[in-house]
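In: give me the fold of what follows.
(one chain, ligands or ions: 2)
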Amino acid sequence: MYQIPLPAKYQNLSPAEASAIIRQCRDQLGSRLVILGHHYQRDEIIEQSDFIGDSLKLSQIAAAQKDAEFIVFCGVHFMAESADILSSGDQKVLLPDMTAGCSMADMADLDQVEQCWATLREHLGDDKTVIPVTYVNSTAAIKAFCGRHDGLCCTSSNCREVLASLWGHSPDAIILFLPDQHLGRNTAYQMGVPLDAMCLWDPYESDGGLVPSVLRRSRVILWDGFCSVHQGFTVEQIARVRAEDPTVRVIVHPECPFDVVQQADASGSTGYIVKAIEDSSPGTHWRVGTEMNLVNRLKDQMAEKGIQVQSLSDCPCLCETMYRIDLNHLAWLLAMLVAYVDSAGTSPLHNQIIVPDGIKQDAVKALNRMLNIG
Ligand code: 13P
Ligand code: SF4
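Out: Ligands and ions are numbered 1, 2, ... in the order given. Next comes the predicted model:
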């Protein structure tokens, strides 16, 4: 994704200068603008956001924005794509830095998934139903693939409900779960699917590295993708924090590896983690296995309630692509929007996320099937 270099004026702004530009632009744009911020954004971006949430909440909010002409998404590329798919044709979705991608989403490309699908059809025949489910952390092309093949999306908040709904209608269906192996494995296991009824599809191996008999006995075929931030949490870290403090409560995101989720006291989406910590009693000590910006914010917010929050890891667990969205990019983007509006659409509009119509019409099916479940 190409990001034009920021004009010199925006490269060296102090936080106060950038905030002043943002304030002024917001005043000018009024209700024509809405800013959405994912929980993993920096504090200064969260302060500028009209709505804050996890992937599910933000996709619901994006779908509900019927009035705002400009939706500025402070998150990563796939989130802005979902907002574009769910918004109406005359709304524009913009990402402050086009290089804010997601390495997990990049781990499943359409050619690989089409190849996998053809192999599954060949080895499983017509007597087995395969339904593709994609975590929203995927490209619009993968969402469209799922929409075309009677599948749907899920987020880490509703993955269990999505799988339960599919198996409620088709109890024998095999799920092809894209692209995060950990969310798929952790959720299916919590629903009673044993580990030996799941297999891992390696897109770089012939036939995914799997023989037909393994595919035929699987309930879930997991794509070999992962989040580099969450995959870094380990059972050794859990053992260490428990040895240091036997009262500690460990809570992790389901993008973490299986053993980590098994040994934690609780696991759930970003929204679930925020709520569990906010609702806990004063005196609770939490160690949290998720992205650093959120953990540090919770640490500051909870200190006054006497709730202690620390990362599970001593290393910084930063989503570097989320971190690319900063005040300078936001100030530049909003100033460009003001110029665009003032010029009646003749001055350039950069960083608009446009999902082509051919992809949109299938991707929206996969997203709406998910939103209808919850
Ligand atoms: P949620 O917002 O669904 O918890 O996902 C976390 C994440 O990694 C977003 O990229
Ligand atoms: Fe992608 Fe992980 Fe960053 Fe989320 S935290 S955007 S899954 S790399």
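
In: helices of the stretch 201-350 of the chain, start to end?
Out: Ranges of helices in the stretch 201-350 of the chain, per DSSP state H, counting those that start in this stretch, are 212-217, 235-244, 258-263, 270-278, 292-303, 327-342.

In: out of these, which is the most enclosed?
Out: Among those, the stretch with the highest mean neighbour count (mean count of other CB atoms under 10 Å) is helix 327-342, at a mean of 21. Where you see a C-beta, it was placed from the backbone N, CA and C, and this is true even at glycine.

In: briefly note if the next helix or strand after that one comes near ligand 1.
Out: Following helix 327-342 in sequence order, the next helix or strand is helix 357-373 (DSSP states H and E). No: under the criterion of CB under 6 Å from any ligand atom, ligand 1 is not reached by helix 357-373; the shortest gap measures 11.8 Å.

In: for helix 357-373, buried residues please.
Out: 359, 360, 362, 363, 364, 365, 366, 367, 368, 369, 370, 371 (16 or more other CB atoms under 10 Å).

In: now do that helix, average pLDDT.
Out: For helix 357-373, mean pLDDT rounds to 96.

In: which residues are contacting it?
Out: By CB atoms under 8 Å, 6 or more residues apart in numbering, the list of residues contacting helix 357-373 from outside reads 59-60, 63, 81-82, 84-86, 134, 136, 140-141, 143-148, 151-155, 158, 161-162, 165, 355.

In: distance to residue 20 and mean pLDDT added to the helices of the stretch 201-350 of the chain, as JSON lines?
Out: What follows is the helices of the stretch 201-350 of the chain, written out as JSON lines (distance: least, CB to CB, whole Å; pLDDT from 0 to 100):
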{"stretch": "helix 212-217", "distance to residue 20": "59", "mean pLDDT": "96"}
{"stretch": "helix 235-244", "distance to residue 20": "42", "mean pLDDT": "98"}
{"stretch": "helix 258-263", "distance to residue 20": "43", "mean pLDDT": "98"}
{"stretch": "helix 270-278", "distance to residue 20": "30", "mean pLDDT": "97"}
{"stretch": "helix 292-303", "distance to residue 20": "23", "mean pLDDT": "97"}
{"stretch": "helix 327-342", "distance to residue 20": "9", "mean pLDDT": "98"}
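
In: residue 42 is nearest to which of those helices?
Out: Minimum separation from residue 42 across the helices of the stretch 201-350 of the chain (CB to CB) falls at helix 292-303, 5.8 Å.

In: OK, contacts around the residue in the stretch 51-200 of the chain that ligand 2 sits nearest to?
Out: Proximity of the stretch 51-200 of the chain to ligand 2 (CB to the nearest ligand atom) peaks at residue 102, 3.3 Å away. When contacts are counted by CB under 8 Å, 6+ apart, residue 102 is found next to 76, 77, 78, 137, 321.
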